[in-house]
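> prediction below, plus the sequence it came from.
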Protein chains: 2
Amino acid sequence: MEKKYDANPNHPGKLFVISGPSGAGKGTICRRLLEETDIELSVSMTTRAPRNGEVEGISYFFTDRDTFIERVNAGGFLEYAEVYGNYYGTPKQLVIDKLKEGIDVVLEIDIQGAMKVKENYPDGIFIFILPPSMSELRKRITGRGTETEDAINLRLSKTLSEISYIDKYDYCVVNGLLEEAVSRVKSIIVAEHSRVAEDVRTLIERYEEEI
Amino acid sequence: MEKKYDANPNHPGKLFVISGPSGAGKGTICRRLLEETDIELSVSMTTRAPRNGEVEGISYFFTDRDTFIERVNAGGFLEYAEVYGNYYGTPKQLVIDKLKEGIDVVLEIDIQGAMKVKENYPDGIFIFILPPSMSELRKRITGRGTETEDAINLRLSKTLSEISYIDKYDYCVVNGLLEEAVSRVKSIIVAEHSRVAEDVRTLIERYEEEI
């Protein structure tokens, strides 16, 4: 019988961390990936109460504060943060289980969070989404009409300090034209699955067995 | 005036080395890349006499043996080899000039040659093209009808020993379905141009200047 090998010798899934300053459009890019590829979103755990329509295990995993802290202490999160008195975190084991099943996982997260993920899971692929320019970013924020001039200037200078983290990332994608940015991130996913990995020995052995 | 930055902050071109055992289909993949992308082929230099229809600087750069050897001694080739008494080589400076102009260059070469290129230009991106299986490779070689059973077996065991070089490569692409293999190599090219490179500092400075 003829054997055919997967075009992708690296069977486990990979964790793609989509990160970048607020306003760069990482959320939009993530949604497009979820719609157009087999990648799955990692579901966060939170101590905040469920809102109308939110579904356990799909929107979030809801839990109480004590259980959350216990999990933190056991190293159970790739990252976590406290926002307005509520905890939010990415459960490590759930991500790892998906990867083991061969499923790619995408995580959309700010820069601080991404740096924590990198500490806890250095094998992730870290993609930095950049706005096409500072003036375009100003336009996008101004367009929302929700912030004062001072608040906007503060946001922009925060963005600049965030951009300096770019060299901790594997890839950077400028989100000027959304279509191009999405296509570029998709290419990164395909390319990463063509990387010669440590498990390449297994592949070689399969060819050897056949001759 | 609004500044727009290239989606690709890494302006110089990159050298993509398409390599793999004979019969894996690296030639076909290269031709498709040349047809469908902006990548350019590196033109080899040879001491062999021009054949009918061959054009200087397009098919090859034709030269005499002494000039070739001189160039070898001056470290002027990314790789060179002697085949049936004629020399063939990849002129280093020509490739580097193209890369500096921002042009991607593709080099189609056997594994031995690729290893020499890696020594002389470690910044290249090395892509290993694999046949989908040994039995498929046997079919492809047999199909050509030009070789004896013994010659084919020799070729196949040579292929196996060549496959063991795969871990010197950055990527490996199994050429089962040609369309998928070509698309995968194209993705690798796009992804490599999204890598956070050493010149990322320049990019950050441009954002800083603008604020």
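It's in.
> where does chain A have low pLDDT?
A:1-10, A:198-199, A:211 (pLDDT under 70).
> where do the helices of it begin and end?
A:26-36, A:65-73, A:92-100, A:111-120, A:134-144, A:149-163, A:178-192, A:200-210 (DSSP state H).
> among the ones you listed, which is nearest residue B:148?
Among the helices of chain A, helix A:200-210 comes nearest to residue B:148, with 21.1 Å by C-beta to C-beta. Backbone N, C-alpha and C define where each C-beta goes, glycine included.
> I'd like to know which elements that closest one is packed against.
Helix A:200-210 is packed against helix B:134-144, helix B:149-163, with contacts defined by 3 or more C-beta pairs under 8 Å, 6 or more residues apart in numbering or on different chains; DSSP states H and E.
> could you redo the last one with a cut-off of 10 Å?
Helix A:200-210 sits against strand B:125-130, helix B:134-144, helix B:149-163, strand B:171-174, with contacts defined as 3 or more C-beta pairs under 10 Å, 6 or more residues apart in numbering or on different chains; DSSP states H and E.
> got the buried residues for it?
Across helix A:200-210, burial judged by 16 or more other C-beta atoms under 10 Å in any protein chain shown covers A:200, A:203-204, A:207, A:210.
> same question for stretch A:164-184.
A:165-166, A:169-176, A:181-184.
> for stretch A:122-137, same thing?
A:124-137.
> which one of those residues is nearest to residue B:147?
For these, the nearest to residue B:147 is residue A:125 (42.8 Å; C-beta to C-beta).
> please determine how far that closest one is located from residue A:204.
24 Å (C-beta to C-beta, to the nearest Å).
> next one: residue A:194
16 Å.
> specify the beta-bridge partners of the closest residue to residue A:195 other than its chain neighbours.
Among residues not flanking residue A:195 along the chain, residue B:171 sits closest, at 5.9 Å (C-beta to C-beta, 6 or more residues apart in numbering or on different chains). Beta bridges link residue B:171 to residue A:195, residue B:127 when assigned by DSSP bridges.
> ends of stretch A:57-70, what's the gap?
19 Å (C-alpha to C-alpha, to the nearest Å).
> swap in stretch A:34-52?
Between the opening and closing residues of stretch A:34-52 there is a gap of 23 Å (C-alpha to C-alpha).
> buried sites along that stretch?
In stretch A:34-52, the ones that count as buried by 16+ other C-beta under 10 Å are A:37, A:39-40, A:42-47.
> which ones among those residues lie within strands?
Residues of the buried residues of stretch A:34-52 located in strands (DSSP state E): A:40, A:45-46.
> and those as CSV, adding distance to chain B?
Output for these, formatted as CSV (distance: C-beta to the nearest C-beta, whole Å):
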residue, distance to chain B
A:40, 20
A:45, 30
A:46, 31
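> just name the closest of these to residue B:102, please.
Looking across those and measuring by C-beta to C-beta, the closest to residue B:102 is residue A:40, at 37.1 Å.
> ok, the closest one to residue A:93 distance?
Distance, residue A:40 to residue A:93, by C-beta to C-beta: 15 Å.
> and if you look at residue A:154?
The value you get for residue A:154 to residue A:93, if C-beta to C-beta is used, is 38 Å.
> quick check: residue A:58 vs residue A:78, distance?
19 Å.
> of these two, who's got more company?
Remark: of residue A:58 and residue A:78, residue A:78 carries more neighbours, 27 against 9, as counted by other C-beta atoms under 10 Å in any protein chain shown.
> quick one: contacts for the more buried one?
Taking C-beta atoms under 10 Å, 6 or more residues apart in numbering or on different chains as the criterion, residue A:78 is in contact with A:15, A:17, A:42, A:89-96, A:107, A:109, A:113-114, A:116-121, A:124.
> which non-adjacent residue is nearest it?
Of all residues not flanking residue A:78 in the chain, residue A:90 sits nearest, at 4.3 Å (C-beta to C-beta, 6+ apart).
> can you pull the contacts of residue A:37?
Counted by C-beta under 10 Å, 6+ apart, residue A:37 has contacts A:16, A:104, A:106, A:182, A:185-186, A:189-190.
> and for residue A:23?
A:129, A:131, A:136-141, A:143-144, A:155-156, A:159, A:175 are the contacts of residue A:23 under C-beta under 10 Å, 6+ apart.
> what's the end-to-end length of stretch A:74-88?
So stretch A:74-88: terminal residues 16 Å apart, C-alpha to C-alpha.
> buried sites along it?
Applying 16+ other C-beta under 10 Å to stretch A:74-88 flags A:76-80, A:87-88 as buried.
> pretty sure residue A:111 contacts residue A:127?
No: at 11.9 Å, residue A:111 does not count as touching residue A:127 under the criterion of C-beta atoms under 10 Å.
> overlap of the contact sets of the two?
Shared contacts of residue A:111 and residue A:127, defined by C-beta under 10 Å, 6+ apart, comprise A:19-20, A:169.
> which of those fall within strands?
Using DSSP E, the shared contacts of residue A:111 and residue A:127 in strands are residue A:19.
> perfect, that will be all.
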